[in-house]
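Student: Structure here, sequence nowhere to be found:
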C-alpha cells in the first residue's frame, strides 16, 4: 500500500475533528509545542520570505480546508491547525509533534524504545505528499498545514528531548514532568512553549494578525538570514531535531533545577534562544517550500517544453484553396 493510500485512512480521523470544530469555533489554549503565537510567528516569517507568486500558491493550498476550518484558512493561521484538531479530539497524529531523544547527565540505563512516527518522520512525510503527483488538493492542503506546524515543533528543544536522571528514572516527558516555579508556567515544557514569557501577551490575550506581523518583522530585522550563515539553508528535519537536543543538553536542562524558579539570567538567555529558533525555523520553512515547489514545477516545465517541441517539429499541413 503506497504512502497516499495510508494517509487517506487517517483523513477520516481529520474529518471527525472537522465536524467537532464546526460547533467549537475557538480552541482552548493548551500547551503543546510552541504556543499558538510561536507557531504563527514562524509561519509569518516563512511567508514573508516567499515571492508573491509563491505566497499566492501556498495560500490557495491552505485555503482548500477553509470551509471546514475558517479560523485557520490562511497560510499563517494554518500554523496552529495541527494543535487545533488535537485539541478537538483528533489523536491519530499525536506522536507526530515530538521526537523522544533521550539523554542524561549521569550514567544510567534508559529504556530501549523506537518511536517510529515522530516529528522528523512527519516533516518528511509531509514533504513526500506535497511532492507526490498522486496527492489531491485536499491531501496537499492537509500536509502543507502539517509541514508548517511540525517545522516549528522540530525547533523547540523540549519537544525533541526526554530528560532522564535519578529523579526522573522514567524520563520527564519532554519537560512536562519537570516542575518549576513562576507565573509563566508550572513545568519546563510549558515554559519553553511560552517562549519563557515572550510569547504570552498581557492578560493572556489572543494575538492579532498585527501582533504576529510586528513580532515577525522585529525578529527578521534583529536576525536577518545572514545572521545564521549556511545553517539557514539546512532543510533536513533530523538536523533540526539534533540542534534542539543539543540546546536541551547544554542549556535548557543544564541551567535549572526541578522545583526552582528560573533565574533572570536563564530567562534572558532563553528568550534570545527562543527568538533565534523561531526565526531560523521560519527561514528554513520558506527554503523547504521553495525546494518542494521547484521540484514540482520542474517536471511540469519539462512536460510543457516537450509539448512545445512536438508542435514545432510537426510538419505543417498546407491546404490548397478549392
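Tutor: Perfect, I can see it now. Treat the numbers as computed from the prediction; the structure is a model and nothing was measured.

Student: switch to C-alpha atoms for all contacts and neighbour counts from now on
Tutor: Will do.

Student: Mean pLDDT per helix and strand in the protein: which one sits at the bottom?
Tutor: helix 3-23 (a mean of 46; mean pLDDT, DSSP states H and E).

Student: check contacts around residue 142.
Tutor: 62, 65 (Cα atoms under 8 Å, 6 or more residues apart in numbering).

Student: go on, residue 77?
Tutor: Residue 77 touches 40, 43, 71, counting by Cα under 8 Å, 6+ apart.

Student: For the next helix or strand after the least confident helix or strand of the chain, report the contacting residues that lie outside it.
Tutor: Using DSSP states H and E, the helix or strand that follows helix 3-23 towards the C-terminus is helix 36-49. With Cα under 8 Å, 6+ apart as the contact definition, helix 36-49 has outside contacts at 29, 55, 75-77, 79-80, 148-149, 152, 193-195, 199-200, 207, 212-213, 215-217, 220, 278-279, 281-286.

Student: same check, this time on stretch 247-267
Tutor: In contact with stretch 247-267 (Cα under 8 Å, 6+ apart) are residues 103, 157, 158, 161, 178, 179, 180, 181, 182, 196, 270.

Student: mind listing the strands for the stretch 101-250 of the chain?
Tutor: Taking DSSP state E, counting those that start in this stretch, the strands of the stretch 101-250 of the chain run over residues 102-104, 162-164.

Student: Can you tell me the strand partners of the first one and which way each runs?
Tutor: Strand pairing for strand 102-104, determined by DSSP bridges: strand 162-164 (parallel).

Student: Quick one: distance of the partner strand to the chain centre.
Tutor: 22 Å (Cα atoms, centre = their mean, to the nearest Å).

Student: now stretch 35-42
Tutor: Counting by Cα atoms, centre = their mean, stretch 35-42 comes out at 9 Å from the chain centroid.

Student: State the mean pLDDT of it.
Tutor: Throughout stretch 35-42, pLDDT has a mean value of 96.

Student: any low-confidence regions in the stretch 1-150 of the chain?
Tutor: 1-33 (pLDDT under 70).

Student: 90 instead, please
Tutor: Low-confidence segments of the stretch 1-150 of the chain (pLDDT under 90): 1-35, 86-88, 111-116.

Student: and what of the stretch 201-322 of the chain?
Tutor: In the stretch 201-322 of the chain (pLDDT under 90), the answer is 204, 293-322.

Student: switch to 80 and redo it
Tutor: Residue ranges of the stretch 201-322 of the chain with pLDDT under 80: 295-322.

Student: can you give me the helices in it?
Tutor: 209-222, 225-228, 237-247, 264-313 (DSSP state H, counting those that start in this stretch).

Student: Need those helices in CSV (columns: distance to residue 170 and mean neighbour count).
Tutor: CSV is the format used below for the helices of the stretch 201-322 of the chain (distance: least, Cα to Cα, whole Å; neighbours: other Cα atoms under 10 Å):
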stretch, distance to residue 170, mean neighbour count
helix 209-222, 37, 16
helix 225-228, 36, 14
helix 237-247, 18, 20
helix 264-313, 26, 17
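
Student: mind giving me CSV with those and columns for distance to residue 139?
Tutor: Below are the helices of the stretch 201-322 of the chain laid out as CSV (distance: least, Cα to Cα, whole Å):
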stretch, distance to residue 139
helix 209-222, 27
helix 225-228, 31
helix 237-247, 21
helix 264-313, 15
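
Student: List just the one of these that sits closest to residue 169.
Tutor: helix 237-247 (18.6 Å; Cα to Cα).

Student: returning to that earlier point: quick one: closest of the helices of the stretch 201-322 of the chain to residue 137.
Tutor: helix 264-313 (13.8 Å).

Student: What is the most widely separated pair among the contacts of stretch 247-267?
Tutor: Applying Cα to Cα across these, the maximum distance is between 103 and 182, 25.5 Å.

Student: hang on, the earlier thing: most tightly surrounded among the strands of the stretch 101-250 of the chain?
Tutor: strand 162-164 (a mean of 24; mean count of other Cα atoms under 10 Å).

Student: quick one: contacts of it?
Tutor: So strand 162-164 is contacted by 100-105, 110, 170-175 (Cα under 8 Å, 6+ apart).

Student: In PyMOL, how would I select just the buried ones from those?
Tutor: Under the burial definition 16 or more other Cα atoms under 10 Å, those of those that qualify are selected in PyMOL by:
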select buried, resi 100+101+102+103+104+171+172+173+174+175
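
Student: Pick the one among the contacts of strand 162-164 closest to residue 128.
Tutor: residue 100 (22.5 Å).

Student: separation between that closest one and residue 164?
Tutor: 11 Å (Cα to Cα, to the nearest Å).

Student: Show me which of the contacts of stretch 247-267 are buried.
Tutor: 103, 157, 158, 161, 178, 179, 180, 196, 270.

Student: what residues are up against the fifth one?
Tutor: Read that as residue 178. 172, 187, 188, 189, 258, 259.

Student: do the first one as well
Tutor: Counting by Cα under 8 Å, 6+ apart, residue 103 makes contact with 161, 162, 163, 164, 249.
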